[in-house]
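**Student:** only geometry, no sequence info:
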């Protein structure tokens, strides 16, 4: 199972290391698309793709997994944010008023691909995690006592 309660029906077949590589590829694709859209006269699609690319990149940097940089949150939080990014991708044509159908199709495909990858990723795979997250209650007791 993938590790998130609401999608336990889907198989968790993509390990965290592979998911990390996919995240960086997806961020790069979005940033490349932003440059492409802007160059070809669709600034709104360019802004939308740049924002999505930055969101994917920040999510990857902040996750405690292979190739994560700051390692602030765990893989399950990353998974929830993956679904949020997928929803944002699908909403972009409406939010940014992108009328040109091929450009809008890019965002729908991004959202579908992100949902598929998120659905089959194993968010319980902590093999790349470098820090062990303590339960909040233990940290709170230590701060209060000390």
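**Tutor:** Structure's in. What do you need? Because the structure is predicted, anything quoted here is derived from the model rather than measured.
**Student:** can you pull the pLDDT of residue 5?
**Tutor:** Listed pLDDT for residue 5 reads 67.
**Student:** tell me the centre residue of the chain?
**Tutor:** Taking Cα atoms, centre = their mean, the centroid of the chain lies closest to residue 82, which sits 3.6 Å from it.
**Student:** now for the residue nearest to that residue when sequence neighbours are not counted, how many residues are close by?
**Tutor:** Distances taken as Cβ to Cβ, 6 or more residues apart in numbering place residue 118 nearest to residue 82, at 4.0 Å, with adjacent residues excluded. Just so you know, the C-beta spots here come from the backbone N, C-alpha and C atoms, and that holds for glycine as well. Per other Cβ atoms under 10 Å, the neighbour tally for residue 118 reads 24.
**Student:** give the buried residues for the helix or strand hosting the residue nearest to the centre of the chain.
**Tutor:** Here residue 82, judged by DSSP states H and E, is contained in helix 75-95. For helix 75-95, the neighbour count (16 or more other Cβ atoms under 10 Å) marks 75-79, 81-83, 85-86, 88-90, 92-93 as buried.
**Student:** which residues touch the helix or strand just after that helix?
**Tutor:** Beyond helix 75-95 on the C-terminal side, the first helix or strand identified by DSSP H and E is helix 101-119. Applying Cβ atoms under 8 Å, 6 or more residues apart in numbering, the contact partners of helix 101-119 are 2, 7, 10, 14, 19, 22, 26, 29-30, 33, 37, 42, 45, 48-49, 52, 79, 82-83, 85-90, 92-93, 98.
**Student:** before we move on, what about stretch 60-72?
**Tutor:** Contacting residues not belonging to stretch 60-72 are listed as 16-17, 19-21, 23-24, 27, 73-75, 77-78, 126-131, 133 [Cβ under 8 Å, 6+ apart].
**Student:** weed out the non-buried ones from those residues.
**Tutor:** 16, 19-20, 23, 27, 73-75, 77-78, 126, 128-129.
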